[in-house]
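**Student:** Turn this into a model:
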Amino acid sequence: MSTRTPRSLPSSASLLEDPAVRYAMKQTLQDYPTYAWKCLKIRTKEGEGLERLKLNTIQQKVEAKAREQLARTGRVRLIILKARRMGITTYIQGKFFHSAATKPGMTALTVTHVRDATQ
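**Tutor:** Numbers count the residues shown, from 1 in each chain. This next block holds a predicted model:
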């Protein structure tokens, strides 16, 4: 049996005083791709485990268009003709979760055209 004593960790209050930690937290909360990678996990395609959500090429293109439209108009309104297995639903659900989790008063709702799909 080991007699090592656990190394004490800094308190969360002292961590928040560190400018580098504050910057990293702010970056994570404000930037969806960073938030997705650091905070969200998805089921693997094989369904056997979880993995970090890293935006694929299609998801990155949608994110770029959304950012461009937000900068230009102050809002995002996208119509995406959705192909299967491209990760668009995963992207949107992650984006909704990110908004609801990081913006006070924000809610998100997903509506489907088929009642059974919402169960």
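**Student:** Next, count neighbours for Leu29.
**Tutor:** If you count neighbours by other C-beta atoms under 10 Å, Leu29 ends up with 16. Quick note: C-beta positions are derived from backbone N, CA and C, even for glycine.
**Student:** looking at it, it is touching Ser99, isn't it?
**Tutor:** No: using C-beta atoms under 8 Å, Leu29 makes no contact with Ser99, being 11.0 Å away.
**Student:** Check for me that Tyr23 belongs to a strand.
**Tutor:** No: secondary structure of Tyr23 (DSSP: H, G, I helix; E, B strand; the rest coil): helix, not part of a strand.
**Student:** and the gap between it and Asp31?
**Tutor:** 12 Å (C-beta to C-beta, to the nearest Å).
**Student:** Looking at the two now, which is surrounded by more residues?
**Tutor:** Neighbour tally, Tyr23 and Asp31, criterion other C-beta under 10 Å: the higher count belongs to Asp31, 15 against 10.
**Student:** next one: phi and psi at the more buried one?
**Tutor:** Dihedral pair for Asp31: phi -110, psi 110, per degrees, to the nearest 10.
**Student:** Over to Glu46?
**Tutor:** phi -80, psi -10.
**Student:** Count the neighbours of it for me.
**Tutor:** Around Glu46 there are 6 other residues, counting by other C-beta under 10 Å.
**Student:** Show the pLDDT at it.
**Tutor:** For Glu46, the model assigns a pLDDT of 84.
**Student:** Please apply the same query to Pro6.
**Tutor:** 61.
**Student:** same question, Gly87
**Tutor:** With respect to pLDDT, Gly87 scores 91.
**Student:** cool, and Ala36?
**Tutor:** On the pLDDT scale, Ala36 is placed at 94.
**Student:** and the gap between it and Pro19?
**Tutor:** 24 Å.
**Student:** Can you list the buried residues in stretch 66-77?
**Tutor:** For stretch 66-77, the neighbour count (16 or more other C-beta atoms under 10 Å) marks Ala66 as buried.
**Student:** What's the mean pLDDT across it?
**Tutor:** The pLDDT scores in stretch 66-77 average 95.
**Student:** how far does it sit from the chain's center?
**Tutor:** 18 Å (C-alpha atoms, centre = their mean, to the nearest Å).
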